[in-house]
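> predicted model follows, preceded by the sequence.
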Amino acid sequence: MATEDKNRATAAAILPLVGGAANVDSIAHCMTRLRLGLHDRSLVDDEALKAVPAVMGVVEDDTYQIVLGPGTVARVTPEFEQLVEEGRAAEPAPVHTAEELADKGAAIKAQRKAKNSTPFKLFLRRIANIFVPLIPALIGCGIIAGLNGLLVNLGRLTSVTPALAAMASGFMALIAVFVGHNTAKEFGGTPILGGAVAAIIVFPGVANIDAFGQTLSPGQGGVLGALGAAVLAVYVEKWCRRWVPEALDVLVTPTLTVLISGLVTIFGLMYVAGEVSSAIGTFADWLLSTGGAGAGFLLGGFFLPLVMLGLHQALIPIHTTLIEQQGFTVLLPILAMAGAGQVGAAAAVYLRLPRNESIRRTIRSAMPAGLLGVGEPLIYGVSLPLGRPFVTACVGGAFGGGFVGLFNQLGDSVGSTAIGPSGWALFPLLDGNHGLGSTIAIYAGGLLVGYVAGFAATYFFGFSKALLTEFDVSQEPAPSPAPAGPSTGPAAAASGDTSAKEPAGV
């Protein structure tokens, strides 16, 4: 089957299982997940979705998220969008009584509002929405930068390396403009005005301006300054829309937006954001140079719950700031150890449940993605439903993070030139202060420690006797009829359920 046909078939299989085109309110995707806003959550068939071959799992948050994996999700999403448009054109919207809509809407709204709509979580999602679209460019430019560095060190292709350097650095030189554009779009302003104000930060001419007794530098404040400038531009624009007469709006509003926001950016935000950015870099260096193994242990151990909640993308501005300042982020390789602990834990579960072929099949299918840093299938399909293995996977990530952190404390910085990939997929993006060979060896050692620690912790401490009795059973159909109603026993957990649920056996 051609790739295009395969992606369209996947989209066509998903659409009816989420209630059809009329039930889809919004469509977006991140690195691994198709994120859908749905009118009626009760129309979704979770079990049938999990049975679709390309679907690795489902996650319910503020949006309904279908885990498809990196690469696949970027190809399936356009096909899904096209099918939704075709479906809306061909099918009338479903008709419901006012009472039905009121009851369902009230129940869904109350549940999600209590669970997901805290101001802090909404803020984190907005920040993530600004930076996530930039990840593909960061990855591509980061890999080109790594290739260029390798060629320079080897003294090869000297006529080509300047061109590669331009390709690798061009995006990072203008990343503030893209951040400003996305920020204005996220906060309800005109995207191009946000980009225009943020462009002031990287304009070379700011080197002729003094603020707070200091001469400004192009790029001072970086992505944080661009974010603040664009947010200010949105509020200025909205104020202008309310007070400027319609006949003058097209001339006055964009002029005042750029003028007011630009002046505040030049004579305030650039300096303040520059100080904050410097503080972030200084703190990261201090944390790992003094905390070392302890800091790495905590970062690696607590990152997996953030991945589980989908909030790990809120760290992107910190990573991006470090890449701007130092050329790489020292935090990402440590946080990537959480995935190593997950892989080790899954391997232990595989051996501890020899009779549960359903769970073992899930592990076999999800393990390649886990090795490449895509942890959701193993989290939601294996460790989280079992309970204890999720905790012991975090222990594995903690030991892996502690290993990498220890070497940072000893002076061997291990960083990544871009964000997004993890696990084995991070190797092409590695960089450090003591040569590529040393950096790769330390990162590989951290992965190995994470695998072994996660495996050992899960094998010896991840299962109680009751948990083994419940789950280490054959999944062949029993001759006696199954009880009616939803099941919470071993068959339910072992059926490949990849949605978040109450952990068992903790």
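Thanks, I have the structure now. Residues are numbered from 1 along each chain as shown.

> was I right about residue 442 contacting residue 411?
No: using Cβ atoms under 8 Å, residue 442 is not in contact with residue 411; the gap is 11.3 Å. The way it works is simple: take the backbone N, C-alpha and C, and place the C-beta from them, glycine included.

> the lengthiest helix in the chain packs against which elements?
Ranked by residue count, the top helix of the chain under DSSP state H comes out as helix 436-461. In terms of contacts (3 or more Cβ pairs under 8 Å, 6 or more residues apart in numbering; DSSP states H and E), helix 436-461 is packed against helix 135-154, helix 331-335, helix 337-352, helix 388-409, strand 414-416, strand 430-432.

> export the helix or strand following that helix as CSV, just CAs?
On the C-terminal side of helix 436-461, the closest following helix or strand by DSSP states H and E is helix 465-471. Only the C-alpha atoms of helix 465-471 are listed here, as CSV (Å, rounded to 0.1, in the frame of the first residue of the first chain):
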residue,chain,number,x,y,z
LYS,A,465,2.1,-11.0,45.1
ALA,A,466,-1.4,-9.8,44.6
LEU,A,467,-0.5,-8.0,41.4
LEU,A,468,1.3,-11.0,40.0
THR,A,469,-1.6,-13.3,40.8
GLU,A,470,-4.0,-10.8,39.1
PHE,A,471,-2.0,-10.1,36.0
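
> for helix 465-471, buried residues please.
In terms of neighbour count (16 or more other Cβ atoms under 10 Å), helix 465-471 has its buried residues at 467, 470, 471.

> what's the answer for stretch 56-65, then?
Across stretch 56-65, burial judged by 16+ other Cβ under 10 Å covers 56, 57, 58, 59, 60, 61, 62, 63, 64, 65.

> partners of the fourth one in the sheet?
Right, residue 59. In this entry, residue 59 is beta-bridged to residue 65, by DSSP bridges.

> distance of the residue lying closest to residue 221 once chain neighbours are set aside relative to residue 202?
Using Cβ to Cβ, 6 or more residues apart in numbering and skipping residues adjacent in sequence, the residue nearest residue 221 is residue 273, 3.2 Å away. Distance, residue 273 to residue 202, using Cβ to Cβ, to the nearest Å: 13 Å.

> the two: who's more crowded?
Taking neighbours as other Cβ atoms under 10 Å, residue 273 and residue 202 compare with residue 273 leading, 23 against 20.

> elements contacting the strand or helix carrying that one?
Taking DSSP H and E as the definition, residue 273 sits inside helix 270-286. Contacts defined by 3+ Cβ pairs under 8 Å, 6+ apart place helix 270-286 against helix 222-243, helix 316-326.

> sorry, back to before: neighbour-wise, which of residue 442 and residue 411 wins?
More neighbours surround residue 442 than the other of residue 442 and residue 411, with 23 against 9 (other Cβ under 10 Å).

> need the contact list for the more buried one.
Residue 442 sits next to 403, 404, 407, 412, 414, 432 when contact means Cβ atoms under 8 Å, 6 or more residues apart in numbering.

> redo the residues you listed as JSON lines? Include neighbour count and distance to residue 223.
Listed next are these as JSON lines, based on neighbours: other Cβ atoms under 10 Å; distance: Cβ to Cβ, whole Å:
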{"residue": "403", "neighbour count": "25", "distance to residue 223": "30"}
{"residue": "404", "neighbour count": "31", "distance to residue 223": "25"}
{"residue": "407", "neighbour count": "24", "distance to residue 223": "28"}
{"residue": "412", "neighbour count": "17", "distance to residue 223": "27"}
{"residue": "414", "neighbour count": "27", "distance to residue 223": "23"}
{"residue": "432", "neighbour count": "23", "distance to residue 223": "23"}
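
> which among those gets closest to residue 123?
Residue 123 lies nearest to residue 404 out of these, by Cβ to Cβ, at 29.3 Å.

> so who does that closest one touch?
Contacts of residue 404 (Cβ under 8 Å, 6+ apart): 296, 300, 333, 334, 337, 414, 442, 443, 445, 446.

> let's see 6 Å
Contact analysis of residue 404 by Cβ atoms under 6 Å, 6 or more residues apart in numbering lists 296, 333, 334, 414, 446.

> ok, which stretches of the stretch 1-150 of the chain are strands?
Under the criterion DSSP state E, counting those that start in this stretch, the stretch 1-150 of the chain contains strands at 24-29, 33-38, 57-60, 64-67.

> what's the closest of those to residue 136?
Of all the strands of the stretch 1-150 of the chain, strand 24-29 sits nearest to residue 136, with 11.4 Å by Cβ to Cβ.

> partner strands of that closest one, with direction?
Applying DSSP bridges to the sheet, strand 24-29 is found paired with strand 33-38 (antiparallel).

> of all the residues in the partner strand, which ones are buried?
In strand 33-38, counting by 16+ other Cβ under 10 Å, buried: 33, 34, 35, 36, 38.

> gap between the residue lying closest to residue 280 once chain neighbours are set aside and residue 276?
Leaving aside its sequence neighbours, residue 280 sits nearest to residue 321 (Cβ to Cβ, 6+ apart; 5.2 Å). Residue 321 is 9 Å from residue 276, where distance means Cβ to Cβ.

> repeat for residue 316
Residue 316 sits 16 Å away from residue 276, going by Cβ to Cβ.

> residue 16 too?
Distance of residue 16 to residue 276, given as Cβ to Cβ: 48 Å.

> do residue 186 as well
Distance, residue 186 to residue 276, by Cβ to Cβ: 20 Å.

> so these two - more neighbours on which side?
Each of residue 186 and residue 276 has its neighbours counted (other Cβ under 10 Å); residue 186 has more, 21 against 15.

> doesn't residue 131 make contact with the more buried one?
No: using Cβ atoms under 6 Å, residue 186 is not in contact with residue 131; the gap is 10.0 Å.

> contact partners for the residue nearest to residue 260 when sequence neighbours are not counted?
In space, and not counting its chain neighbours, residue 260 is closest to residue 236: 5.1 Å by Cβ to Cβ, 6+ apart. By Cβ under 6 Å, 6+ apart, the residues touching residue 236 are 257, 260, 261.

> dump those residues to JSON lines, plus secondary structure.
What follows is these, written out as JSON lines (DSSP: H, G, I helix; E, B strand; the rest coil):
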{"residue": "257", "secondary structure": "helix"}
{"residue": "260", "secondary structure": "helix"}
{"residue": "261", "secondary structure": "helix"}
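
> of those residues, closest to residue 231?
For the contacts of residue 236, the minimum distance to residue 231 (Cβ to Cβ) is 9.2 Å, reached by residue 261.

> so what pLDDT did that closest one get?
pLDDT, residue 261: 94.

> neighbours around it, how many?
When neighbours are defined as other Cβ under 10 Å, residue 261 has 28 of them.

> and it, what is it in contact with?
Neighbouring residues of residue 261 by Cβ under 6 Å, 6+ apart: 197, 229, 232, 233, 236.

> same question for residue 369.
By Cβ under 6 Å, 6+ apart, residue 369 lies in contact with 69, 377.

> would you mind measuring from it to residue 379?
Distance from residue 369 to residue 379, by Cβ to Cβ: 11 Å.

> kind regards, and thank you for your time.
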